[in-house]
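Student: would you be able to build a 3D model of this:
(chains A, B, C and D)
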Number of protein chains: 2
Amino acid sequence: MSTERLLPSGEARPTYNLERLLDVAVQVFTERGYDGASFQHLSHASGLSKSSIYHHIESKEQLLRLGLEKALEPLMASTTETGATTGPAIDRLTYLIRRNVEILTDRLPYVTLLLGVHGNTETERWALEQRRTYDRFVADVVQDAIDEGAVRNDVDARTTARLVFGMINSVREWYRPDRGSSPQFRAPNDLADQVCTLLLDGIRVR
Amino acid sequence: MSTERLLPSGEARPTYNLERLLDVAVQVFTERGYDGASFQHLSHASGLSKSSIYHHIESKEQLLRLGLEKALEPLMASTTETGATTGPAIDRLTYLIRRNVEILTDRLPYVTLLLGVHGNTETERWALEQRRTYDRFVADVVQDAIDEGAVRNDVDARTTARLVFGMINSVREWYRPDRGSSPQFRAPNDLADQVCTLLLDGIRVR
DNA sequence: GTATTTACTGACCGAACGTTCTGTACTACT
DNA sequence: AGTAGTACAGAACGTTCGGTCAGTAAATAC
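Tutor: Now for the predicted structure:
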(Lines give C-alpha, C1' and ligand atoms only; values in the text may rest on other atoms or scores of the structure.)
Protein backbone atom coordinates (compact mmCIF):
# COMPACT_ATOMS: atom_id res chain seq x y z
CA MET A 1 0.00 0.00 0.00
CA SER A 2 1.39 3.37 -0.97
CA THR A 3 1.88 5.95 1.71
CA GLU A 4 2.50 8.99 -0.42
CA ARG A 5 1.83 10.45 -3.83
CA LEU A 6 3.68 12.69 -6.21
CA LEU A 7 1.81 15.91 -6.97
CA PRO A 8 2.08 17.47 -10.46
CA SER A 9 4.56 19.91 -8.91
CA GLY A 10 6.77 16.95 -7.92
CA GLU A 11 6.09 17.61 -4.26
CA ALA A 12 5.30 14.56 -2.11
CA ARG A 13 1.99 14.39 -0.24
CA PRO A 14 0.80 11.65 2.12
CA THR A 15 -1.99 9.41 0.81
CA TYR A 16 -5.53 10.15 1.88
CA ASN A 17 -7.69 7.87 3.98
CA LEU A 18 -11.26 8.43 5.11
CA GLU A 19 -10.20 10.04 8.37
CA ARG A 20 -7.85 12.57 6.78
CA LEU A 21 -10.34 13.40 4.07
CA LEU A 22 -13.07 13.91 6.68
CA ASP A 23 -10.92 16.49 8.45
CA VAL A 24 -10.54 18.47 5.24
CA ALA A 25 -14.22 18.14 4.31
CA VAL A 26 -15.54 19.22 7.70
CA GLN A 27 -13.22 22.21 7.60
CA VAL A 28 -14.77 23.25 4.28
CA PHE A 29 -18.31 22.50 5.54
CA THR A 30 -17.87 24.71 8.58
CA GLU A 31 -16.42 27.56 6.53
CA ARG A 32 -19.05 27.62 3.78
CA GLY A 33 -21.93 25.68 5.31
CA TYR A 34 -22.78 22.15 4.16
CA ASP A 35 -25.04 23.33 1.34
CA GLY A 36 -22.63 26.07 0.32
CA ALA A 37 -19.74 23.61 -0.01
CA SER A 38 -19.51 21.81 -3.36
CA PHE A 39 -17.27 19.00 -4.52
CA GLN A 40 -15.34 21.65 -6.40
CA HIS A 41 -14.49 23.23 -3.06
CA LEU A 42 -13.65 19.86 -1.51
CA SER A 43 -11.52 19.07 -4.54
CA HIS A 44 -9.58 22.29 -4.25
CA ALA A 45 -9.09 21.98 -0.48
CA SER A 46 -7.94 18.35 -0.62
CA GLY A 47 -5.93 18.44 -3.83
CA LEU A 48 -7.91 15.44 -5.07
CA SER A 49 -10.20 15.27 -8.08
CA LYS A 50 -13.94 14.88 -7.57
CA SER A 51 -13.87 11.25 -8.64
CA SER A 52 -10.93 10.51 -6.35
CA ILE A 53 -12.90 11.74 -3.39
CA TYR A 54 -15.51 9.12 -4.27
CA HIS A 55 -12.83 6.47 -3.92
CA HIS A 56 -12.91 7.17 -0.18
CA ILE A 57 -16.57 7.98 0.42
CA GLU A 58 -20.01 6.90 -0.72
CA SER A 59 -21.74 10.27 -0.82
CA LYS A 60 -21.49 13.86 0.34
CA GLU A 61 -24.09 13.14 3.00
CA GLN A 62 -21.93 10.33 4.41
CA LEU A 63 -19.20 12.90 5.02
CA LEU A 64 -21.75 15.03 6.86
CA ARG A 65 -22.91 12.10 8.97
CA LEU A 66 -19.38 11.08 9.92
CA GLY A 67 -18.59 14.66 10.86
CA LEU A 68 -21.73 15.02 12.97
CA GLU A 69 -20.98 11.75 14.76
CA LYS A 70 -17.56 13.09 15.76
CA ALA A 71 -19.33 15.92 17.58
CA LEU A 72 -22.32 14.04 18.98
CA GLU A 73 -20.48 11.02 20.30
CA PRO A 74 -18.47 12.75 23.09
CA LEU A 75 -21.35 15.11 23.79
CA MET A 76 -23.85 12.32 24.41
CA ALA A 77 -21.20 10.28 26.25
CA SER A 78 -20.66 13.15 28.69
CA THR A 79 -24.20 12.73 30.01
CA THR A 80 -23.40 9.25 31.35
CA GLU A 81 -20.07 10.12 32.94
CA THR A 82 -19.84 9.98 36.74
CA GLY A 83 -19.53 13.75 37.12
CA ALA A 84 -22.85 14.23 35.32
CA THR A 85 -24.81 11.58 37.23
CA THR A 86 -23.71 11.78 40.87
CA GLY A 87 -23.47 14.51 43.49
CA PRO A 88 -25.36 17.78 43.99
CA ALA A 89 -27.18 19.02 40.89
CA ILE A 90 -25.21 22.28 40.82
CA ASP A 91 -21.97 20.27 40.62
CA ARG A 92 -23.41 18.00 37.90
CA LEU A 93 -24.42 21.10 35.94
CA THR A 94 -20.99 22.65 36.35
CA TYR A 95 -19.45 19.39 35.16
CA LEU A 96 -21.65 19.35 32.05
CA ILE A 97 -20.79 22.96 31.26
CA ARG A 98 -17.07 22.33 31.67
CA ARG A 99 -17.15 19.16 29.58
CA ASN A 100 -19.13 20.90 26.88
CA VAL A 101 -16.54 23.68 26.61
CA GLU A 102 -13.79 21.04 26.50
CA ILE A 103 -15.49 19.08 23.73
CA LEU A 104 -16.21 22.24 21.81
CA THR A 105 -12.61 23.44 21.88
CA ASP A 106 -11.24 19.96 21.30
CA ARG A 107 -13.42 19.21 18.28
CA LEU A 108 -14.17 22.75 17.16
CA PRO A 109 -14.90 22.12 13.43
CA TYR A 110 -17.10 19.10 14.13
CA VAL A 111 -19.18 20.83 16.79
CA THR A 112 -19.40 23.91 14.58
CA LEU A 113 -20.75 21.69 11.83
CA LEU A 114 -23.32 20.26 14.24
CA LEU A 115 -24.48 23.68 15.39
CA GLY A 116 -25.00 24.88 11.82
CA VAL A 117 -27.35 22.06 10.84
CA HIS A 118 -30.71 23.09 9.39
CA GLY A 119 -32.71 19.87 9.11
CA ASN A 120 -32.79 19.74 5.31
CA THR A 121 -31.88 16.04 5.03
CA GLU A 122 -32.60 12.90 7.04
CA THR A 123 -29.07 13.01 8.45
CA GLU A 124 -29.52 16.60 9.61
CA ARG A 125 -32.84 15.82 11.27
CA TRP A 126 -31.22 12.88 13.09
CA ALA A 127 -28.53 15.22 14.41
CA LEU A 128 -31.14 17.72 15.57
CA GLU A 129 -32.97 14.96 17.42
CA GLN A 130 -29.74 13.99 19.21
CA ARG A 131 -29.17 17.59 20.22
CA ARG A 132 -32.71 17.82 21.55
CA THR A 133 -32.12 14.75 23.71
CA TYR A 134 -28.96 16.32 25.11
CA ASP A 135 -30.76 19.62 25.79
CA ARG A 136 -33.53 17.85 27.67
CA PHE A 137 -30.99 16.05 29.85
CA VAL A 138 -29.35 19.32 30.84
CA ALA A 139 -32.69 21.03 31.47
CA ASP A 140 -33.51 18.24 33.95
CA VAL A 141 -30.26 18.85 35.80
CA VAL A 142 -31.04 22.57 35.98
CA GLN A 143 -34.47 21.74 37.38
CA ASP A 144 -32.83 19.47 39.99
CA ALA A 145 -30.51 22.33 40.95
CA ILE A 146 -33.49 24.65 41.36
CA ASP A 147 -35.29 22.05 43.47
CA GLU A 148 -32.18 21.66 45.64
CA GLY A 149 -32.14 25.43 46.16
CA ALA A 150 -28.76 25.95 44.49
CA VAL A 151 -30.06 27.76 41.43
CA ARG A 152 -32.37 30.79 41.52
CA ASN A 153 -36.01 29.87 41.12
CA ASP A 154 -37.11 33.10 39.46
CA VAL A 155 -36.02 31.72 36.09
CA ASP A 156 -37.44 28.89 34.01
CA ALA A 157 -35.30 25.71 33.95
CA ARG A 158 -35.72 25.01 30.26
CA THR A 159 -34.99 28.60 29.29
CA THR A 160 -31.98 28.73 31.59
CA ALA A 161 -30.55 25.53 30.13
CA ARG A 162 -30.99 26.91 26.64
CA LEU A 163 -29.38 30.24 27.48
CA VAL A 164 -26.48 28.54 29.25
CA PHE A 165 -25.64 26.39 26.25
CA GLY A 166 -26.37 29.26 23.92
CA MET A 167 -23.49 31.09 25.55
CA ILE A 168 -21.21 28.07 25.46
CA ASN A 169 -21.96 27.17 21.86
CA SER A 170 -21.33 30.71 20.70
CA VAL A 171 -17.68 30.10 21.51
CA ARG A 172 -17.35 28.38 18.15
CA GLU A 173 -17.84 31.68 16.38
CA TRP A 174 -14.58 33.22 17.54
CA TYR A 175 -12.46 30.64 19.41
CA ARG A 176 -9.40 29.60 17.40
CA PRO A 177 -7.19 26.91 18.95
CA ASP A 178 -4.32 27.17 16.48
CA ARG A 179 -2.34 30.00 18.08
CA GLY A 180 -1.03 28.01 21.04
CA SER A 181 0.75 30.92 22.67
CA SER A 182 -2.34 33.12 22.65
CA PRO A 183 -2.31 35.91 25.20
CA GLN A 184 -6.06 35.42 25.48
CA PHE A 185 -5.95 32.16 27.39
CA ARG A 186 -2.89 30.91 29.17
CA ALA A 187 -4.12 27.36 29.73
CA PRO A 188 -6.80 25.36 27.89
CA ASN A 189 -9.00 25.47 30.99
CA ASP A 190 -9.01 29.25 31.17
CA LEU A 191 -11.92 29.53 28.81
CA ALA A 192 -13.97 26.93 30.68
CA ASP A 193 -13.21 28.78 33.91
CA GLN A 194 -14.35 32.10 32.48
CA VAL A 195 -17.56 30.60 31.13
CA CYS A 196 -18.38 28.92 34.46
CA THR A 197 -17.62 32.12 36.37
CA LEU A 198 -19.91 34.20 34.18
CA LEU A 199 -22.73 31.69 34.20
CA LEU A 200 -22.65 30.91 37.92
CA ASP A 201 -22.06 34.40 39.33
CA GLY A 202 -22.76 36.84 36.50
CA ILE A 203 -20.69 39.74 35.27
CA ARG A 204 -21.61 42.24 37.96
CA VAL A 205 -19.34 43.11 40.87
CA ARG A 206 -21.06 42.93 44.23
CA MET B 1 -53.24 48.44 -9.92
CA SER B 2 -54.66 45.09 -8.83
CA THR B 3 -54.75 44.25 -5.16
CA GLU B 4 -55.48 40.57 -5.29
CA ARG B 5 -55.20 37.48 -7.47
CA LEU B 6 -57.16 34.32 -7.98
CA LEU B 7 -55.29 31.13 -7.17
CA PRO B 8 -55.92 27.94 -9.20
CA SER B 9 -58.01 26.79 -6.26
CA GLY B 10 -60.22 29.85 -6.73
CA GLU B 11 -59.04 31.27 -3.42
CA ALA B 12 -58.20 34.96 -3.40
CA ARG B 13 -54.70 36.02 -2.42
CA PRO B 14 -53.34 39.56 -2.09
CA THR B 15 -50.84 40.66 -4.72
CA TYR B 16 -47.17 40.46 -3.87
CA ASN B 17 -44.87 43.41 -3.53
CA LEU B 18 -41.17 43.41 -2.68
CA GLU B 19 -41.83 43.73 1.03
CA ARG B 20 -44.24 40.85 1.26
CA LEU B 21 -42.08 38.65 -0.91
CA LEU B 22 -39.08 39.46 1.26
CA ASP B 23 -40.93 38.21 4.33
CA VAL B 24 -41.61 34.88 2.68
CA ALA B 25 -38.08 34.56 1.29
CA VAL B 26 -36.35 35.33 4.59
CA GLN B 27 -38.57 32.79 6.28
CA VAL B 28 -37.38 30.15 3.81
CA PHE B 29 -33.76 31.31 4.09
CA THR B 30 -33.78 30.97 7.86
CA GLU B 31 -35.37 27.53 7.74
CA ARG B 32 -33.08 25.97 5.13
CA GLY B 33 -30.11 28.34 5.11
CA TYR B 34 -29.48 30.75 2.25
CA ASP B 35 -27.52 28.24 0.17
CA GLY B 36 -29.94 25.43 0.98
CA ALA B 37 -32.92 27.47 -0.22
CA SER B 38 -33.58 27.30 -3.96
CA PHE B 39 -36.01 29.20 -6.16
CA GLN B 40 -38.05 26.04 -6.18
CA HIS B 41 -38.47 26.40 -2.42
CA LEU B 42 -39.22 30.12 -2.72
CA SER B 43 -41.71 29.31 -5.45
CA HIS B 44 -43.51 26.76 -3.31
CA ALA B 45 -43.58 28.97 -0.23
CA SER B 46 -44.83 32.07 -2.07
CA GLY B 47 -47.18 30.40 -4.51
CA LEU B 48 -45.48 32.28 -7.33
CA SER B 49 -43.58 30.78 -10.23
CA LYS B 50 -39.81 31.17 -10.41
CA SER B 51 -40.05 33.72 -13.19
CA SER B 52 -42.70 35.72 -11.36
CA ILE B 53 -40.41 36.14 -8.42
CA TYR B 54 -38.01 37.87 -10.77
CA HIS B 55 -40.70 40.40 -11.53
CA HIS B 56 -40.18 41.73 -7.99
CA ILE B 57 -36.47 41.22 -7.47
CA GLU B 58 -33.21 41.47 -9.39
CA SER B 59 -31.42 38.47 -7.95
CA LYS B 60 -31.43 35.99 -5.10
CA GLU B 61 -28.56 37.87 -3.50
CA GLN B 62 -30.61 41.08 -3.49
CA LEU B 63 -33.19 39.28 -1.34
CA LEU B 64 -30.40 38.29 1.03
CA ARG B 65 -29.09 41.86 1.22
CA LEU B 66 -32.53 43.34 1.89
CA GLY B 67 -33.10 40.75 4.61
CA LEU B 68 -29.76 41.41 6.25
CA GLU B 69 -30.39 45.17 6.21
CA LYS B 70 -33.64 44.61 8.12
CA ALA B 71 -31.61 43.06 10.92
CA LEU B 72 -28.53 45.28 10.83
CA GLU B 73 -30.30 48.61 10.63
CA PRO B 74 -31.95 48.61 14.11
CA LEU B 75 -28.94 46.82 15.60
CA MET B 76 -26.47 49.47 14.44
CA ALA B 77 -28.95 52.24 15.26
CA SER B 78 -29.16 51.02 18.87
CA THR B 79 -25.50 51.94 19.40
CA THR B 80 -26.25 55.64 18.86
CA GLU B 81 -29.35 55.82 21.03
CA THR B 82 -29.16 57.86 24.23
CA GLY B 83 -29.36 54.82 26.49
CA ALA B 84 -26.25 53.40 24.83
CA THR B 85 -24.16 56.57 24.91
CA THR B 86 -24.84 58.28 28.25
CA GLY B 87 -24.73 57.26 31.90
CA PRO B 88 -22.68 54.65 33.81
CA ALA B 89 -21.18 51.94 31.57
CA ILE B 90 -23.07 49.15 33.37
CA ASP B 91 -26.35 50.89 32.53
CA ARG B 92 -25.29 51.43 28.92
CA LEU B 93 -24.42 47.74 28.69
CA THR B 94 -27.74 46.71 30.20
CA TYR B 95 -29.49 48.97 27.71
CA LEU B 96 -27.63 47.36 24.79
CA ILE B 97 -28.48 43.87 26.03
CA ARG B 98 -32.13 44.73 26.46
CA ARG B 99 -32.39 46.43 23.06
CA ASN B 100 -30.66 43.48 21.42
CA VAL B 101 -33.19 41.04 22.88
CA GLU B 102 -35.99 43.34 21.76
CA ILE B 103 -34.68 43.59 18.20
CA LEU B 104 -34.08 39.85 18.08
CA THR B 105 -37.61 38.96 19.15
CA ASP B 106 -39.15 41.73 17.04
CA ARG B 107 -37.31 40.77 13.83
CA LEU B 108 -36.58 37.13 14.59
CA PRO B 109 -36.28 35.74 11.01
CA TYR B 110 -34.11 38.64 9.84
CA VAL B 111 -31.72 38.44 12.76
CA THR B 112 -31.64 34.64 12.41
CA LEU B 113 -30.66 35.12 8.77
CA LEU B 114 -27.89 37.50 9.82
CA LEU B 115 -26.51 35.10 12.42
CA GLY B 116 -26.33 32.24 9.93
CA VAL B 117 -24.21 34.09 7.38
CA HIS B 118 -21.01 32.35 6.28
CA GLY B 119 -19.13 34.91 4.18
CA ASN B 120 -19.50 33.09 0.87
CA THR B 121 -20.51 36.17 -1.14
CA GLU B 122 -19.66 39.87 -1.09
CA THR B 123 -23.01 40.60 0.55
CA GLU B 124 -22.36 38.08 3.32
CA ARG B 125 -18.90 39.49 3.97
CA TRP B 126 -20.36 42.99 4.23
CA ALA B 127 -22.84 41.74 6.84
CA LEU B 128 -20.05 40.07 8.82
CA GLU B 129 -18.09 43.32 8.81
CA GLN B 130 -21.12 45.18 10.19
CA ARG B 131 -21.50 42.61 12.94
CA ARG B 132 -17.83 42.97 13.82
CA THR B 133 -18.26 46.73 14.17
CA TYR B 134 -21.20 46.20 16.51
CA ASP B 135 -19.26 43.64 18.57
CA ARG B 136 -16.35 46.03 18.97
CA PHE B 137 -18.69 48.78 20.19
CA VAL B 138 -20.13 46.51 22.88
CA ALA B 139 -16.69 45.24 23.92
CA ASP B 140 -15.67 48.87 24.54
CA VAL B 141 -18.70 49.40 26.79
CA VAL B 142 -17.80 46.25 28.74
CA GLN B 143 -14.25 47.57 29.14
CA ASP B 144 -15.65 50.89 30.40
CA ALA B 145 -17.79 49.01 32.92
CA ILE B 146 -14.73 47.10 34.13
CA ASP B 147 -12.77 50.37 34.44
CA GLU B 148 -15.63 51.89 36.42
CA GLY B 149 -15.53 48.91 38.80
CA ALA B 150 -19.04 47.74 38.00
CA VAL B 151 -18.04 44.58 36.14
CA ARG B 152 -15.65 41.95 37.51
CA ASN B 153 -12.10 42.44 36.30
CA ASP B 154 -11.09 38.76 36.38
CA VAL B 155 -12.60 38.29 32.92
CA ASP B 156 -11.50 39.61 29.54
CA ALA B 157 -13.74 42.41 28.12
CA ARG B 158 -13.73 41.12 24.54
CA THR B 159 -14.46 37.55 25.62
CA THR B 160 -17.20 38.71 27.99
CA ALA B 161 -18.88 40.78 25.27
CA ARG B 162 -18.78 37.82 22.93
CA LEU B 163 -20.18 35.41 25.53
CA VAL B 164 -22.92 37.85 26.50
CA PHE B 165 -24.14 38.21 22.93
CA GLY B 166 -23.59 34.55 22.31
CA MET B 167 -26.21 33.89 24.96
CA ILE B 168 -28.59 36.51 23.60
CA ASN B 169 -28.26 35.44 19.99
CA SER B 170 -28.91 31.82 20.88
CA VAL B 171 -32.47 32.86 21.64
CA ARG B 172 -33.20 32.66 17.92
CA GLU B 173 -32.82 28.89 18.05
CA TRP B 174 -35.90 28.28 20.18
CA TYR B 175 -37.86 31.52 20.70
CA ARG B 176 -41.17 31.52 18.79
CA PRO B 177 -43.25 34.69 19.01
CA ASP B 178 -46.40 33.33 17.34
CA ARG B 179 -48.08 31.75 20.37
CA GLY B 180 -49.05 34.99 22.09
CA SER B 181 -50.55 33.36 25.16
CA SER B 182 -47.42 31.34 25.89
CA PRO B 183 -47.11 30.19 29.48
CA GLN B 184 -43.37 30.65 29.06
CA PHE B 185 -43.38 34.44 29.04
CA ARG B 186 -46.27 36.53 30.27
CA ALA B 187 -45.10 39.83 28.80
CA PRO B 188 -42.72 40.53 25.92
CA ASN B 189 -40.18 41.95 28.35
CA ASP B 190 -40.03 38.79 30.44
CA LEU B 191 -37.39 37.25 28.22
CA ALA B 192 -35.22 40.38 28.27
CA ASP B 193 -35.57 40.43 32.07
CA GLN B 194 -34.52 36.82 32.39
CA VAL B 195 -31.51 37.31 30.13
CA CYS B 196 -30.39 40.42 32.04
CA THR B 197 -30.83 38.66 35.37
CA LEU B 198 -28.75 35.68 34.30
CA LEU B 199 -26.01 37.77 32.72
CA LEU B 200 -25.69 40.31 35.52
CA ASP B 201 -26.04 38.07 38.57
CA GLY B 202 -25.57 34.49 37.32
CA ILE B 203 -27.67 31.44 37.95
CA ARG B 204 -26.39 30.62 41.41
CA VAL B 205 -28.31 31.41 44.56
CA ARG B 206 -26.30 33.27 47.14
C1' DG C 1 6.51 -12.49 -12.78
C1' DT C 2 1.99 -12.38 -12.80
C1' DA C 3 -2.33 -11.15 -10.21
C1' DT C 4 -4.50 -8.27 -7.07
C1' DT C 5 -5.30 -4.23 -4.62
C1' DT C 6 -4.94 0.70 -3.71
C1' DA C 7 -5.09 5.51 -4.97
C1' DC C 8 -6.34 8.15 -8.16
C1' DT C 9 -8.06 10.56 -12.86
C1' DG C 10 -10.86 12.48 -16.99
C1' DA C 11 -14.86 12.14 -19.33
C1' DC C 12 -19.32 11.96 -18.76
C1' DC C 13 -24.45 11.77 -16.81
C1' DG C 14 -29.10 13.58 -15.60
C1' DA C 15 -30.90 16.82 -12.47
C1' DA C 16 -31.09 21.14 -10.36
C1' DC C 17 -29.30 25.61 -10.08
C1' DG C 18 -30.10 30.94 -10.79
C1' DT C 19 -31.60 33.61 -14.53
C1' DT C 20 -33.77 35.36 -18.98
C1' DC C 21 -37.14 35.74 -22.53
C1' DT C 22 -41.58 35.85 -24.59
C1' DG C 23 -46.20 36.09 -23.94
C1' DT C 24 -50.80 36.84 -21.51
C1' DA C 25 -54.46 38.25 -18.40
C1' DC C 26 -55.85 41.98 -15.97
C1' DT C 27 -56.12 46.81 -14.11
C1' DA C 28 -55.79 51.95 -14.40
C1' DC C 29 -55.85 55.98 -16.86
C1' DT C 30 -57.29 58.92 -20.60
C1' DA D 1 -62.06 52.34 -26.89
C1' DG D 2 -57.27 52.58 -26.67
C1' DT D 3 -52.96 52.71 -24.38
C1' DA D 4 -49.73 51.75 -20.72
C1' DG D 5 -48.32 49.37 -16.98
C1' DT D 6 -48.58 45.62 -13.51
C1' DA D 7 -48.43 40.84 -12.08
C1' DC D 8 -47.88 36.95 -13.31
C1' DA D 9 -46.57 31.93 -16.14
C1' DG D 10 -44.05 28.59 -19.34
C1' DA D 11 -40.26 27.33 -21.60
C1' DA D 12 -35.75 27.49 -22.18
C1' DC D 13 -30.83 29.30 -21.19
C1' DG D 14 -25.94 28.08 -19.83
C1' DT D 15 -23.73 26.53 -15.60
C1' DT D 16 -22.93 23.82 -11.74
C1' DC D 17 -24.53 20.27 -8.92
C1' DG D 18 -23.71 15.40 -6.81
C1' DG D 19 -22.53 11.16 -8.67
C1' DT D 20 -20.79 7.19 -12.07
C1' DC D 21 -17.63 4.61 -14.79
C1' DA D 22 -13.89 2.80 -17.32
C1' DG D 23 -9.26 3.02 -17.00
C1' DT D 24 -4.15 3.81 -15.34
C1' DA D 25 0.05 3.90 -12.56
C1' DA D 26 2.18 2.13 -8.72
C1' DA D 27 2.62 -0.75 -4.77
C1' DT D 28 1.74 -5.32 -2.60
C1' DA D 29 0.87 -10.31 -2.57
C1' DC D 30 1.62 -14.66 -4.08
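
Student: which bits of chain A sit near DNA strand D?
Tutor: Contacts of chain A with DNA strand D, taken as Cβ under 7 Å from any atom of the strand, map to A:1-3, A:37-41, A:50-51, A:54, A:58-61. Using the backbone N, CA and C atoms, a C-beta is placed for each residue, glycine as well.

Student: just the ones of those residues in helices?
Tutor: A:F39, A:Q40, A:H41, A:K50, A:S51, A:Y54, A:K60, A:E61 (DSSP state H).

Student: and the second one, how many neighbours does it have?
Tutor: It refers to A:Q40. Applying other Cβ atoms under 10 Å in any protein chain shown, we find 9 residues neighbouring A:Q40.

Student: circling back: nearest to B:R136, of the residues of chain A next to DNA strand D?
Tutor: Proximity of these to B:R136 (Cβ to Cβ) peaks at A:A37, which lies at 29.2 Å.

Student: any idea which element A:R13 lies in?
Tutor: strand A:12-14 (DSSP states H and E).

Student: thinking again about what came up before, filter the residues of chain A next to DNA strand D down to the buried ones.
Tutor: A:A37, A:F39, A:H41, A:K60 (16 or more other Cβ atoms under 10 Å in any protein chain shown).

Student: name the nearest of the residues of chain A next to DNA strand D relative to DNA strand C.
Tutor: For the residues of chain A next to DNA strand D, the residue nearest DNA strand C by Cβ to the nearest atom of the strand is A:S51; the value is 2.3 Å.

Student: could you measure from that closest one over to A:I57?
Tutor: 11 Å (Cβ to Cβ, to the nearest Å).

Student: also A:I103?
Tutor: As judged by Cβ to Cβ, A:I103 and A:I57 stand 25 Å apart.

Student: between these two, who's got more neighbours?
Tutor: A count of neighbours by other Cβ under 10 Å puts A:I103 above the other of A:I103 and A:I57, at 20 against 16.

Student: grab the longest helix from chain A for me.
Tutor: Max-length helix for chain A by DSSP H is helix A:122-147.

Student: for the next helix or strand after it, name the packing helices and strands.
Tutor: For helix A:122-147, the succeeding helix or strand toward the C-terminus, using DSSP H and E, is helix A:157-169. Packing partners of helix A:157-169 (3 or more Cβ pairs under 8 Å, 6 or more residues apart in numbering or on different chains; DSSP states H and E): helix A:89-106, helix A:122-147, helix A:189-201, helix B:157-169, helix B:189-201.

Student: and the ones you listed as a markdown table, adding mean pLDDT?
Tutor: Formatted as a markdown table, the helices and strands packed on helix A:157-169 follow (pLDDT from 0 to 100):
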| stretch | mean pLDDT |
| --- | --- |
| helix A:89-106 | 96 |
| helix A:122-147 | 96 |
| helix A:189-201 | 90 |
| helix B:157-169 | 94 |
| helix B:189-201 | 90 |
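
Student: redo these as JSON lines? Include distance to A:P14.
Tutor: Output for those, formatted as JSON lines (distance: least, Cβ to Cβ, whole Å):
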{"stretch": "helix A:89-106", "distance to A:P14": "23"}
{"stretch": "helix A:122-147", "distance to A:P14": "29"}
{"stretch": "helix A:189-201", "distance to A:P14": "32"}
{"stretch": "helix B:157-169", "distance to A:P14": "36"}
{"stretch": "helix B:189-201", "distance to A:P14": "47"}
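
Student: how about those, which one is nearest B:Y95?
Tutor: Short answer: helix B:189-201, nearest of the helices and strands packed on helix A:157-169 by Cβ to Cβ, at 10.1 Å.

Student: check which helices and strands that closest one sits against.
Tutor: Counting by 3+ Cβ pairs under 8 Å, 6+ apart, helix B:189-201 packs on helix A:157-169, helix A:189-201, helix B:89-106, helix B:157-169.

Student: show residues contacting it.
Tutor: A:152, A:154-156, A:159-160, A:163, A:198-199, A:201-204, A:206, B:94, B:97-98, B:101-102, B:105, B:164, B:167-168, B:171, B:175, B:185 (Cβ atoms under 8 Å, 6 or more residues apart in numbering or on different chains).

Student: alright, calling it a day.
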